[in-house]
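Peer 1: Requesting a structural model of the entry that follows:
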Amino acid sequence: MPIPVRQFRLCPAKTFLNSRGETVKGRSVFNHCQIVGEVARELIRRFPKMLQSLFPAGAPMAAGGHDTGKVSPTFYNKIMRACSEELIPGFTPDLEREWGGHAGVSQLTAKLLGAPEYVPEILGQHHGFSPNVAGLRATDDKFGGKAWQAEREKLVQALQEALGESWPQVESVAQARLLAGLTSVADWIGSGQYFEDPQVPWEENIGKALDDAGFVPASYRTGLGFEEVFGFSPREAQSLLIEQASMPGVYVLEAPMGLGKTEASLYAAYKMLSTGQASGIYFALPTQLTSNKIFERFQGFLEKVLADDCQHRSLLLHANAWLFDTDLGEEGRPGGAWFNQAKRGLLAPFAVGTIDQALMAAMNVKHGFVRAFGLAGKVVILDEVHTYDAYTGTLLDALVKLLRELRCTVIILSATLSQERRQQLLGRQTTAMAYPLITASPGHGGETAHEVSVPAGEIRKVRIFLRADESLAVEQALLRAEQGQQVLWIENTVKEAQQRYLDLAARAAELGVACGLLHSRFTADDRQRIEEKWVNLYGKAGWDKRHQQGRVLVGTQVLEQSLDIDADFMVSRFAPTDMLLQRLGRLWRHNDTPRCDKAESEAWLLAPNLDEAIEAPQKHFGPSAFVYSPYVLCRSLEVWQGVAYVNLPDDIRGLIERSYGSRKEQGAMSRWLSELEEGTSRRAGRDAMRQLARVTLAEGGNTLPESKAQTRYSEAENYEVLMLRAISRNREGNTATLTLLNGEKVELPLRRDSLSKKQWRKRSATLMRQVVSVRIQDAPKPSPMDTLKRFGLHHCFYLGNPDWPDDESVLRVALVDKTDCLRGIEHVDIHDTHTLEYRGNLGYRVIKD
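Peer 2: Numbers count the residues shown, from 1 in each chain. Okay, the predicted model is just below:
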């Protein structure tokens, strides 16, 4: 019996909610594909002219061809079922899960038609992951056989005629990733509010949709000097970097903390932007905690360099503006996978974010290629890159190579790189051992890079003590603070920082000493409140308050990087050498900072005995050995033996090279080196991470969910916990009320059409500021999906894609009771083995029962 067939022009791509609230057939597949192709064409046109050639001829056709697989009986029935219309017998829509939905049919169709290399996979991955189509053919009966394939072929021909394009010839893996990202983003925008009603003409809305999505070309004030932008004259090191970074390529600035690396990189970015050689800036920070202070400096820079009539000025008023003032279409709506600000920042023309999001551009992770598209042609500033980034390093090398091919200007800032690590990052031969140093590799470059020595500037001398007695360090910190000193205490884990704060806070209050805590496990609202207070007190803004009282600020690695804070005395848990040097950069940072008369430039490093540490690092380094490699900790501790003073910056190169230079090992050290290279049951080794970094679009393989994408040596913080005081539904059952930690109430209608898209974006942005990221083992137990939906949370948070079994929800919800303990929704157990707490001054806390 022949399979009933529908003409491709009669196949719907979408459903549409009409004015009576009825679900009816929306735009046709042909119409939708044509829209997406034209959106892609306009996206390319909005790149600077110098960068438009990144995209191959025919790129709009690749984007337009993405949904050819919707001309199939199972997808047709999916739309008919939603519209309560007659189905084609024998084709259950749910079967699509077996082959990854319509995208898999698009891939098989293009393959059968002989589309050029990479193109079928680009169509198949437009929902972010590789469909499971191994061993299948476009003419299989489950896809409608030869008759339905013939309709898909007619659709492709009609699209080529309508768009005036043929399939593109893709030249490289990098270009394939770029084209895949363009296809996905064009699909999101082409599925947005301007194109939902099939009765409304769409042609005139292409520009409006891209404007609303934030893809507006920026304009700049030209001819600005360094002093006009920053208010002071450039140092020689800054001038040298600006001189070198005059075209796309890779540039490394190694210089000590406090030398103005941020301003140098931003002014170099301005020169690239104002000459049309770059499409935007992504400023990548090393920690999960995106510093508000860096954002403020970045925003101040943009306010100076953007032209008065530049539309992006209005989106720079605050951190969430780009999030809820732009409409990114289907996937970027509230509840969509790309509404999250951390991801969307990669698509914004100007953003401060984490390096993790950028690293995923080079990984086979869901929508990794969207990140590649977002970074293409930009100035990408990688802040505080270290030698120690051993695991992250293999991914970072792959990212830098990809960005070079995408015609980015990559500026790598570091105080602590080894010569070997610098060479790996550049992928070029380097020889210089000077410090500070600029290494320039413009364009695709040759085999060598240009190395320029930089004046060192003033020398700072820091006295160093290795201490094993923590109680003595506590007494010393309180004594110094009581004298009026500003003390910094840095731990390697959140749990240790919380405990140290508890140890110090009560006693500090008795002494008239202020005590604070800063780490990554606060909600965004609490974190911003704490950061504004304490970073200001320890920075230039607090100079007039330093004499009022002594203070102790306890924190984690978030205090060691990208913050302009200045302490009089420091206590630090022992860490790898480059991390320790970063931390020392927060000590006596500025010569003119007002200080207590008794203050000396001194740091105490809490460290075990070297011989004992080498024999049993997990025992003697404690939790630090689960954050950092035991081998690197032992090598670093060996180097710091007998160091009484550190002269900055003169001693940096020597300390780094002695800590990280390759050498043969014996005894226990040989075992720890082997673990670093090969991994253990708890974490991946260097070899495994190198393998992961090499997985690209062309090489296929299973696409990782973002929650499983490990970009760090320590286990990634995977789950998002929404912290609330209460959650309830009204008597009618059509609205949920969420009570925030500050008592504010947010109402979520259970029907999406009850609010405008802008209202949903605003509610979602508010709720996202109540989220804490935690490790899997520390997260609350998941609530059933039906429960989350009964409270309308699927309208604000991405809860996974049911068509992709591995794409699980990363959202957890916790209620904070009057005792600060966390409870589950509707009395569900919160954790099997631990008590969980949240306090505004302590953050998210795990207490082992």
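Peer 1: Look up phi and psi at Ala779.
Peer 2: phi -80, psi 150 (degrees, to the nearest 10).
Peer 1: make that Trp534, sorry
Peer 2: Torsion angles, degrees, to the nearest 10, at Trp534: phi -80, psi -40.
Peer 1: That one: what's it in contact with?
Peer 2: Residues near Trp534 by C-beta atoms under 8 Å, 6 or more residues apart in numbering: 516, 518, 553. C-beta here means a position set from N, CA and C on the backbone, and glycine is covered the same way.
Peer 1: For the chain, name the helix or strand with the lowest mean pLDDT.
Peer 2: Lowest mean confidence among the helices and strands of the chain (mean pLDDT, DSSP states H and E): helix 321-324, at a mean of 57.
Peer 1: Give me the domain ranges for this structure.
Peer 2: Following automatic domain parsing, one finds the domains of the chain at 8-211, 237-292+341-453, 460-678, 719-848.
Peer 1: Of those domains, flag the one that's most buried.
Peer 2: Ranked by mean neighbour count, the domains of the chain are led by domain 237-292+341-453 with a mean of 22 (mean count of other C-beta atoms under 10 Å).
Peer 1: Span of that domain from start to end?
Peer 2: Its first and final residues considered, domain 237-292+341-453 spans 9 Å by C-alpha to C-alpha, to the nearest Å.
Peer 1: now it, how far from the centre of its chain.
Peer 2: 15 Å (C-alpha atoms, centre = their mean, to the nearest Å).
Peer 1: pLDDT of that domain, averaged?
Peer 2: Mean pLDDT, domain 237-292+341-453: 86.
Peer 1: what residues does stretch 88-102 touch?
Peer 2: Here stretch 88-102 makes contact (C-beta under 8 Å, 6+ apart) with 3-4, 6, 67, 69-70, 72-78, 80-81, 105, 124, 127, 129-133, 136, 142, 144, 802-805.
Peer 1: swap the cut-off to 6 Å and go again
Peer 2: Residues outside stretch 88-102 that contact it (C-beta atoms under 6 Å, 6 or more residues apart in numbering) are 4, 69-70, 73-75, 77-78, 131-133, 803.
Peer 1: and those, which of them are in helices?
Peer 2: Under the assignment DSSP state H, these contribute 73-75, 77-78 to helices.
Peer 1: Can you add pLDDT and give those residues back as JSON lines?
Peer 2: Listed next are the ones in helices among the contacts of stretch 88-102 as JSON lines, based on pLDDT from 0 to 100:
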{"residue": "Pro73", "pLDDT": "95"}
{"residue": "Thr74", "pLDDT": "94"}
{"residue": "Phe75", "pLDDT": "94"}
{"residue": "Asn77", "pLDDT": "93"}
{"residue": "Lys78", "pLDDT": "93"}
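Peer 1: Distance to Arg589 for those residues - can I get that in a markdown table?
Peer 2: Converted to a markdown table, those look like this (distance: C-beta to C-beta, whole Å):
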| residue | distance to Arg589 |
| --- | --- |
| Pro73 | 68 |
| Thr74 | 63 |
| Phe75 | 60 |
| Asn77 | 66 |
| Lys78 | 60 |
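Peer 1: Nearest to Tyr267 among these?
Peer 2: Each of those was checked against Tyr267 using C-beta to C-beta; the closest is Phe75, at 51.7 Å.
Peer 1: Next up, the contacts around the closest one.
Peer 2: His102.
Peer 1: Give me the most central residue, the protein.
Peer 2: Residue closest to the average C-alpha location in the chain (C-alpha atoms, centre = their mean): Gln357, at 2.7 Å.
Peer 1: From what I see, Ala186 and Val39 are in contact.
Peer 2: Yes - look at Ala186 against Val39 with C-beta atoms under 6 Å: they come within range, at 4.3 Å.
Peer 1: Can you tell me what sits against the lengthiest strand in the chain?
Peer 2: The longest strand of the chain (DSSP state E) is strand 460-467. Contact partners of strand 460-467, identified using C-beta under 6 Å, 6+ apart, comprise 473, 584, 601-607, 643, 645-648.
Peer 1: what pLDDT, on average, does it get?
Peer 2: For strand 460-467, the mean pLDDT works out to 96.
Peer 1: How far off centre is it?
Peer 2: How far strand 460-467 lies from its chain's middle: 35 Å, per C-alpha atoms, centre = their mean.
Peer 1: hey, where'd the helices end up in the stretch 351-500 of the chain?
Peer 2: Secondary structure of the stretch 351-500 of the chain by DSSP state H, counting those that start in this stretch: the helices cover 355-359, 368-375, 390-405, 419-426, 470-482, 494-510.
Peer 1: Out of those helices, which is closest to Thr326?
Peer 2: helix 368-375 (13.3 Å).
Peer 1: what's in contact with that closest one?
Peer 2: Outside helix 368-375, the residues that touch it by C-beta under 6 Å, 6+ apart are 177-178, 180-182, 184, 282, 346-347, 360-361.
Peer 1: tilt between that helix and helix 390-405?
Peer 2: For helix 368-375 against helix 390-405, the angle by axes from the mean of the first three to the mean of the last three C-alpha atoms, to 10 degrees is 60 degrees.
Peer 1: Convert the C-alpha atoms of helix 368-375 to PDB, please.
Peer 2: Extracted C-alpha coordinates of helix 368-375, given in PDB (Å, rounded to 0.1, in the frame of the first residue of the first chain):
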ATOM      1  CA  GLY A 368      29.300  24.900  20.500                       C
ATOM      2  CA  PHE A 369      29.200  26.200  17.000                       C
ATOM      3  CA  VAL A 370      26.800  29.000  18.000                       C
ATOM      4  CA  ARG A 371      29.500  30.200  20.300                       C
ATOM      5  CA  ALA A 372      32.000  30.000  17.400                       C
ATOM      6  CA  PHE A 373      29.700  32.200  15.300                       C
ATOM      7  CA  GLY A 374      29.300  34.600  18.200                       C
ATOM      8  CA  LEU A 375      33.000  35.100  18.500                       C
END
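Peer 1: With adjacent residues omitted, what lies nearest to Gly353?
Peer 2: Nearest non-adjacent residue to Gly353, counting by C-beta to C-beta, 6 or more residues apart in numbering: Gly345, 4.4 Å away.
Peer 1: and the one you found, how far is that from Arg500?
Peer 2: Going from Gly345 to Arg500 by C-beta to C-beta, to the nearest Å gives 32 Å.
Peer 1: before we move on, what about Trp188?
Peer 2: To Arg500, Trp188 is 45 Å away according to C-beta to C-beta.
Peer 1: can you give me the end-to-end distance of stretch 111-121?
Peer 2: 9 Å.
Peer 1: same thing with stretch 559-576?
Peer 2: End-to-end span of stretch 559-576 (C-alpha to C-alpha): 15 Å.
Peer 1: got the contact list for it?
Peer 2: Under C-beta under 6 Å, 6+ apart, the answer for stretch 559-576 is 285-286, 291, 293-294, 383-384, 388, 473, 477, 480, 485-492, 535, 538-539, 582-583, 586-587, 589-590, 593, 595, 599, 602-607, 628, 632, 636.
Peer 1: Which of these fall within strands?
Peer 2: Going by DSSP E, the strands hold 285, 486-490, 602-606 from the contacts of stretch 559-576.
Peer 1: Good, wrapping up.
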